[in-house]
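Undergrad: Predicted model follows, preceded by the sequence.
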Amino acid sequence: MSPGDDPRALVGREAVLADLARVIADAWASFDKPRISEPELDPALGERFETPLPGPPGDSESALADAARVLDASVSPSRPLYLAYIGSTGLEIGVLASALAATYDPNLAVAAGGAELVEEQSLRWVAEFVGYPLADGAFTSGGMTSNLTALLAAREQAVPGARVEGLGGRRAAVYCSAEAHHSVVRAVEVCGIGSAWIRRIELDEERRMLPSALVGAIDADRADGVTPIAVIATAGTTLTGAVDPLDALADVTEPRGVWLHVDGAYGLPAAAAPSASALFAGLDRTDSATIDAHKWLGVQKPCSVVLLRQAGFLEAMFGHEERYMLHDHGLANPVDRTLEYSRPLNSLRLWMAFRVHGAEQYKAWIERTLENARELTRLVREHDEFELLHEPRLSTVCFRHAPTGMPAEDLDRHNLDLADAMQRDGRIYLAPAAVDGRSCLRVAFVNFRTTRELVPRVLEVAAELG
Ligand SMILES: Cc1ncc(COP(=O)(O)O)c(C=O)c1O
């Protein structure tokens, strides 16, 4: 059959699938070891991205080959020495789950039969893994959406009917630490509270939200007629991995009837790791929690989870009746409990990863990334020309290169230039950051492919290029 005879079928379907399997296997093999540099995009290939919309059908072999080549020349968090921002391992099993979920393409907005069982069991498993007393929850497209979902539920609880009436001029506030992620700001803006009403609570010496300062802020707001909507704790701040003291925060929120959400998008999986679990004491007292499985649980984006300790709040916020979405036979549609409408079966990635690797393997992997951070911390401390900018609690380490004799006022520029040089060099992919106004190099160990032997390379390359 020539291209164009059948507008629907992919020509040579089985052969294309075999080609794809080879492309994926090659990519996985290239993830097994770090690269010595990042390849440049071939200019001839680059030019193909300037061509106009194709009219007649083309062949899938060249489309697949071009896609594979351009991705090979892209930055991939799956590589063992990708240590920037917060990446993921990109577990192989997640790729298989993605292919399968995309093939059947169920829509979790509506009753989807067996697919819902996958999502429900995955929610129970992830809650069990981190020790969360789950009553309700959903898979979402990211930590941003999970935080927003929880905040909308909290707003409806604090101001019933706000989803319909809006806040009607009522002053309301949200409390978080000075180190909370920007998604909290965005969520507060999107849900109509206004980011001017975020109370950034001061940090203690371990960069955690200070409960005594939180008490003062909530009580002062109440006395002033401002409605507290939620406290958003962070369990693993993006910058330094600080874990807010959940137990002490629950001691503040419970008697005051204020919703306590924990943004554990990055850090919450470490609650399952014996060496870090104590940091998360009080997690079972929080009203809701965010975990990104597409970060420290190693699966591909998008795969985030919002967990709630009590049922009913999500439905109070999102439940609706539409002419095209009737509740026949008393069946609730999943979209009555989610912010997003059409939802793919993203949970299949996590479900298959738990099935294949199991909780014990996951715990060992997470421990290994924590050990990598401790090892890098030790090496930074030992090295005369590097300095640590905070005490690492999880797997994030901020440090800077301070060559002997360099004036202090040059260190910010020097470290920004060094981060840039390291990204261009390609052996280690890390990102710059700033701690208390001081520019630095930031490393986040979440990739299970980063072995202990690779850790010293971070300082070797930084010292060489610095
Ligand atoms: C603590 C924290 N919360 C929320 C987010 C946002 O997550 P996402 O990018 O999945 O929307 C991040 C992202 O790094 C994060 O570190």
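TA: Noted; the coordinates are in hand. Numbering: from 1, shown residues only.
Undergrad: Could you say whether Ile193 sits in a helix, a strand or coil?
TA: Put simply, Ile193 is coil when judged by DSSP: H, G, I helix; E, B strand; the rest coil.
Undergrad: oh sorry, the question was meant for Pro160
TA: coil.
Undergrad: Give me the longest helix you can find in the chain.
TA: Counting by DSSP state H, the longest helix found in the chain is helix 347-382.
Undergrad: ok, which stretches of the stretch 251-400 of the chain are strands?
TA: 259-263, 288-292, 304-308, 386-388, 396-401 (DSSP state E, counting those that start in this stretch).
Undergrad: Could you identify which of the ones you listed is most buried?
TA: strand 288-292 (a mean of 30; mean count of other C-beta atoms under 10 Å). For glycine as for every other residue, the C-beta is placed from the backbone atoms N, C-alpha and C.
Undergrad: picking that back up, among the strands of the stretch 251-400 of the chain, which is nearest Ile366?
TA: For Ile366, the closest of the strands of the stretch 251-400 of the chain is strand 288-292, at 12.4 Å, according to C-beta to C-beta.
Undergrad: Note down every partner strand of that closest one and its orientation.
TA: According to DSSP bridges, strand 288-292 forms sheet pairs with strand 259-263 (parallel), strand 304-308 (antiparallel).
Undergrad: So which residues on the chain come close to the ligand?
TA: 86, 142-144, 181, 183, 234, 238, 263, 265-266, 292, 304 (C-beta under 6 Å from any ligand atom).
Undergrad: Recalculate using a threshold of 5 Å.
TA: Within reach of the ligand by C-beta under 5 Å from any ligand atom, the chain has these residues: 86, 142-144, 181, 183, 238, 263, 265-266, 292.
Undergrad: Out of those, who's the most crowded?
TA: Of all the residues of the chain next to the ligand, Asp263 has the most neighbours under the rule other C-beta atoms under 10 Å, reaching 31 neighbours.
Undergrad: check contacts around that residue.
TA: 143, 147, 180-181, 183-184, 232-235, 290 (C-beta atoms under 8 Å, 6 or more residues apart in numbering).
Undergrad: hang on, the earlier thing: redo the strands paired with strand 288-292 as CSV? Include mean pLDDT.
TA: Shown next, in CSV, are those (pLDDT from 0 to 100):
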stretch, mean pLDDT
strand 259-263, 99
strand 304-308, 98
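Undergrad: and the residues of the chain next to the ligand, which of them are in helices?
TA: Per DSSP H, those map to helices at 143-144, 183.
Undergrad: Could you measure from the closest residue to the ligand within the stretch 1-150 of the chain over to Pro432?
TA: With C-beta to the nearest ligand atom as the measure, Gly143 is the residue of the stretch 1-150 of the chain nearest to the ligand, at 2.5 Å. As judged by C-beta to C-beta, to the nearest Å, Gly143 and Pro432 stand 22 Å apart.
Undergrad: how far out from the middle of the chain is the helix or strand of the chain with the lowest mean pLDDT?
TA: Across the helices and strands of the chain, the lowest-confidence element by mean pLDDT, DSSP states H and E is helix 43-47, at a mean of 92. When distances are taken as C-alpha atoms, centre = their mean, to the nearest Å, helix 43-47 is centred 33 Å away from the chain's centroid.
Undergrad: Could you name the helices and strands sitting against it?
TA: If contacts are counted by 3 or more C-beta pairs under 8 Å, 6 or more residues apart in numbering; DSSP states H and E, helix 43-47 sits against helix 60-72.
Undergrad: what's the offset of the longest helix of the chain from the middle of its chain?
TA: 15 Å.
Undergrad: again with stretch 319-326
TA: Mean-position distance between stretch 319-326 and its chain equals 31 Å (C-alpha atoms, centre = their mean).
Undergrad: and what of stretch 118-137?
TA: Per C-alpha atoms, centre = their mean, the centroid offset for stretch 118-137 relative to its chain is 17 Å.
Undergrad: quick one: contacts of it?
TA: Stretch 118-137 is contacted from outside by 108, 138-139, 264, 268-269, 271-272, 277, 280, 283-284, 289, 291, 293, 297, 305-314, 334, 337, 345, 347-348, 350-351, 354, 359, 362, using C-beta under 8 Å, 6+ apart.
Undergrad: Now do the same for the closest residue to the ligand within the stretch 251-400 of the chain: its pLDDT.
TA: Proximity of the stretch 251-400 of the chain to the ligand (C-beta to the nearest ligand atom) peaks at Ala265, 3.5 Å away. pLDDT for Ala265: 98.
Undergrad: ditto for the one 3 residues further on
TA: In the predicted model, Leu268 carries a pLDDT score of 98.
Undergrad: same deal with Met1?
TA: Note on Met1: pLDDT of 48.
Undergrad: looking at it, the residue of the stretch 251-400 of the chain closest to the ligand is touching Ala293, isn't it?
TA: No - using C-beta atoms under 8 Å, Ala265 makes no contact with Ala293, being 9.9 Å away.
Undergrad: Pull up the overlap in contacts between those two.
TA: Ser304.
Undergrad: what about Leu81, neighbour count?
TA: Neighbourhood size, Leu81 [other C-beta under 10 Å]: 22.
Undergrad: in which helix or strand would I find Val461?
TA: Taking DSSP states H and E as the criterion, Val461 maps to helix 455-465.
Undergrad: how far does that helix sit from the chain's center?
TA: Centroid displacement of helix 455-465 relative to its chain, using C-alpha atoms, centre = their mean, is 27 Å.
Undergrad: got the angle between that helix and strand 396-401?
TA: 30 degrees (axes from the mean of the first three to the mean of the last three C-alpha atoms, to 10 degrees).
Undergrad: What residues of helix 455-465 count as buried?
TA: Of the residues in helix 455-465, those buried by neighbour count under the rule 16 or more other C-beta atoms under 10 Å are 455, 458-459, 461-462, 465.
Undergrad: Out of those residues, which comes closest to Asn415?
TA: Ala462 (9.3 Å).
Undergrad: What separation is there between the closest one and Asp328?
TA: Separation of Ala462 from Asp328 (C-beta to C-beta): 62 Å.
Undergrad: and the closest residue in space to Leu203 that isn't next to it in sequence, how many neighbours?
TA: For Leu203, ignoring the flanking residues on the chain, the nearest one in space by C-beta to C-beta, 6 or more residues apart in numbering is Ala178 at 5.4 Å. Per other C-beta under 10 Å, the neighbour tally for Ala178 reads 12.
Undergrad: Need the pLDDT of His329.
TA: Here, the pLDDT recorded for His329 equals 69.
Undergrad: what do you get for the one 10 residues further on?
TA: On pLDDT, Leu339 comes in at 97.
Undergrad: what kind of secondary structure is the closest residue to it other than its chain neighbours in?
TA: Among residues not flanking Leu339 along the chain, Thr149 sits closest, at 5.0 Å (C-beta to C-beta, 6+ apart). Following three-state DSSP, Thr149 is assigned to helix.
Undergrad: list the contacts for Thr149?
TA: By C-beta under 8 Å, 6+ apart, Thr149 lies in contact with 138, 140, 306, 314, 338-339.
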